[in-house]
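Engineer: coordinates only, sequence not included:
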């Protein structure tokens, strides 16, 4: 989506067209979720914070002075919500075993098990990605997270991080090389039976 189109969508929302905001949500939802998940480390709470981010953005959109800075503003909201969440929940993460039975009983058994399988598979994928990302320097982690999980392009990442597109591109290339070396090393260990 071109920046001009995004600005027009924001103007449409401010003029009362709520459907225009849905387009913005669709564009940024995955990247905001990936950003939040990386910050707080919990997939499920990241979903809630992502929803809260868009709700807060919608209700405060009229306060955005520079419409071309919508993405940066959105990430700033998400970041603040993450900081608040981390302060409130220093180390309290509720496991499935600790979930009250009344909550579990609200859903049918079939729906619950399908949902849990899907979540477990998604969490497993995210955990593998997180483990790989942790091997990278922080600046490379950020660009990889925003590029692959957040589905942002190099220009958007550069604007968000305040660096040039060339810097983003070189960080992506360095990160890919590091991860490729790690994968090759892992494959050799597996083949040798270590």
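Structural biologist: Looks like it arrived, so ask away. Note that this is a predicted model, so its numbers are computed, not measured.
Engineer: list the contacts of residue 60.
Structural biologist: Each residue near residue 60 by CB atoms under 8 Å, 6 or more residues apart in numbering is listed here: residue 77. The C-beta positions use only the backbone N, C-alpha and C, and glycine is treated the same way.
Engineer: gap between it and residue 53?
Structural biologist: 11 Å (CB to CB, to the nearest Å).
Engineer: same question, residue 12
Structural biologist: Residue 12 sits at a distance of 20 Å from residue 53 (criterion: CB to CB).
Engineer: for residue 167, same thing?
Structural biologist: Separation of residue 167 from residue 53 (CB to CB): 26 Å.
Engineer: give the residues shared as contacts by residue 60 and residue 53.
Structural biologist: Between them, residue 60 and residue 53 share the contacting residues residue 77, judged by CB under 8 Å, 6+ apart.
Engineer: before we move on, the earlier item: who has more neighbours, residue 167 and residue 53?
Structural biologist: Neighbour count, other CB atoms under 10 Å: between residue 167 and residue 53, residue 53 has more, with 26 against 16.
Engineer: the more buried one against residue 78, yeah?
Structural biologist: Yes - the criterion here is CB atoms under 8 Å, and residue 53 meets it with residue 78 at 4.4 Å.
Engineer: joint contacts of the two?
Structural biologist: Common neighbours of residue 53 and residue 78 (CB under 8 Å, 6+ apart) are 32, 36.
Engineer: how about residue 33, nearest residue that isn't a chain neighbour?
Structural biologist: Computed as CB to CB, 6 or more residues apart in numbering, the closest residue to residue 33 that is not its neighbour in sequence is residue 50, at 4.5 Å.
Engineer: that neighbour: neighbour count?
Structural biologist: If you count neighbours by other CB under 10 Å, residue 50 ends up with 23.
Engineer: just residue 117 next, same as before
Structural biologist: Residues near residue 117, counting by other CB under 10 Å, number 10.
Engineer: ok, it to residue 124 distance?
Structural biologist: The gap separating residue 117 from residue 124 is 11 Å, by CB to CB.
Engineer: list the contacts for the residue nearest to residue 33?
Structural biologist: Contacts for residue 50 (CB under 8 Å, 6+ apart) come out as 29, 32, 33, 36, 78.
Engineer: which ones among these map onto helices?
Structural biologist: 29, 32, 33, 36, 78 (DSSP state H).
Engineer: what sits against the third one?
Structural biologist: By CB under 8 Å, 6+ apart, residue 33 lies in contact with 46, 47, 50.
Engineer: what residue is smack in the middle of this protein?
Structural biologist: residue 34 (1.4 Å; CA atoms, centre = their mean).
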